[in-house]
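Asker: Sequence first, then the predicted structure, then my questions.
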Amino acid sequence: MAFKVLDPTPGTAPPAGQLAPRLDTLKGKTVGFVSNGKEGTKGFFRHLEQMLKDDYGVANVVFRTKTNYSAPADPPIAAEMTSWDAVISGLGD
């Protein structure tokens, strides 16, 4: 009996993305949190929100939750991200 081994990897690697430019400061900025919707993100994100405001002068924090924890952010959330200065995505396992 012969075995045929299949390689599921693509022949070439996809092009690498480009990193967003680093912010000089968080003071006065809007930071968006995108949660996977699991329970563990709630307390962590609230604590991080307070730290960002108290210690770094963040002006506004926006919270959004994906409808499917294992999928990319929903199109309306992805579109809204363009108006935020920074995005933090988190898991709550």
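Answerer: Arrived safely, thanks for sending.

Asker: where do the helices sit along the protein?
Answerer: 40-56, 75-81 (DSSP state H).

Asker: Buried residues in the first one, which are they?
Answerer: For helix 40-56, the neighbour count (16 or more other C-beta atoms under 10 Å) marks 41, 45, 48-49, 52 as buried. For every residue, glycine as well, the C-beta is placed using N, CA and C.

Asker: Report how many residues lie close to residue 90.
Answerer: Using other C-beta atoms under 10 Å, residue 90 has 15 other residues around it.

Asker: Please determine how far residue 45 is located from residue 2.
Answerer: 54 Å (C-beta to C-beta, to the nearest Å).

Asker: same question, residue 59
Answerer: For residue 59 relative to residue 2 (C-beta to C-beta), the value is 65 Å.

Asker: Which one's more surrounded, these two?
Answerer: Between residue 59 and residue 2, residue 59 has the larger neighbour count (other C-beta under 10 Å), namely 13 against 3.

Asker: Give me the pLDDT for the more buried one.
Answerer: With respect to pLDDT, residue 59 scores 98.

Asker: Low-confidence ranges, the protein, go.
Answerer: When residues are selected by pLDDT under 70, none of them lie in the chain.

Asker: how about the strands in it?
Answerer: Under the criterion DSSP state E, the chain carries strands at the ranges 30-35, 60-65, 86-90.

Asker: want to throw the ones you listed into TSV with distance to residue 22?
Answerer: Shown next, in TSV, are these (distance: least, C-beta to C-beta, whole Å):
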stretch	distance to residue 22
strand 30-35	14
strand 60-65	19
strand 86-90	10
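
Asker: looking at these, which is buried most?
Answerer: strand 30-35 (a mean of 21; mean count of other C-beta atoms under 10 Å).

Asker: now that strand against strand 60-65, angle please.
Answerer: Between strand 30-35 and strand 60-65, the angle comes out at 20 degrees (axes from the mean of the first three to the mean of the last three C-alpha atoms, to 10 degrees).
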